[in-house]
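# Pasted the sequence and its predicted model underneath.
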Amino acid sequence: MSSPPAGPGPVPPTVVVTDDRSGSPRAGEEPVDTDRWARLATDVLVAEGVTGPAELAVAFVDEDTIASLHIEHLGEAGPTDVLSFPLDGSPNGPAADPTDRPGEPRLLGDVVVCPAVARRNAVPPGGYEAELALLVVHGVLHVLGWDHADADQTAAMVARERELLGAAGLERRG
């Protein structure tokens, strides 16, 4: 699903969200509200100062798919909850418009979320939906260059996640 069209003013980035789980949803799996997560990802991008033309893709995948991506890109075995793949940017993230393609959208990157892992990691009060929200926000921030490689970065990223989730009327777990 795509983010809503822009009115007057800055053009919001385009976010395309897909549910790519094989046989989606499988027995026992909950459907994913692609429109909801597109709106949240768009809100995060706008709050982070990203305006269009820019594009981000968010895909919800099964455990086999995310496990394959996890080993291929990070060298770590097993499924994980979220992976981010930034594109079109400097080492500090894709915040600056590339000048080599004027008029074309900036390709921010991809966020890949595994609902099955999110379900296992979900804790009250928000449970599964709050976990998915956190993973979408977390993944988008990674695409934009945020990281948690050390304690200071972790604290800053967690604080920003809390702010963004709070602005969306949600609560960050943990």
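Looks like it came in fine.

# Okay, strands next: where are they in the chain?
Assignment of strands within the chain using DSSP state E yields the ranges 14-19, 54-60, 82-86, 106-113.

# would you list those strands in a markdown table and tack on mean pLDDT?
What follows is the strands of the chain, written out as a markdown table (pLDDT from 0 to 100):
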| stretch | mean pLDDT |
| --- | --- |
| strand 14-19 | 93 |
| strand 54-60 | 95 |
| strand 82-86 | 96 |
| strand 106-113 | 95 |
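
# Out of the ones you listed, flag the one nearest V158.
strand 82-86 (14.6 Å; CB to CB). Placement of C-beta: from N, CA and C, glycine included.

# which residues sit against the closest one?
With CB atoms under 8 Å, 6 or more residues apart in numbering as the test, strand 82-86 has contacts from 66, 69-70, 73-74, 93-94, 108-114, 135-136, 138-140, 142-145.

# Apply the buried test to these and list what passes.
The neighbour-count test (16 or more other CB atoms under 10 Å) marks 66, 69-70, 93-94, 108-114, 135-136, 138-140, 142-144 as buried among the contacts of strand 82-86.

# Just these: which are in helices?
I66, L69, H70, L135, V136, H138, G139, V140, H142, V143 (DSSP state H).

# Low-confidence ranges, this protein, go.
1-9, 23-28, 88-103, 172-174 (pLDDT under 70).

# quick one, helices of this protein?
With DSSP H, the ranges of helices along the chain come out as 34-47, 63-74, 115-121, 127-143, 151-167.

# For the third one, list every residue counted as buried.
When you say that, I think you mean helix 115-121. Quick answer for helix 115-121 (16+ other CB under 10 Å): P115, A116, V117, A118, R119.
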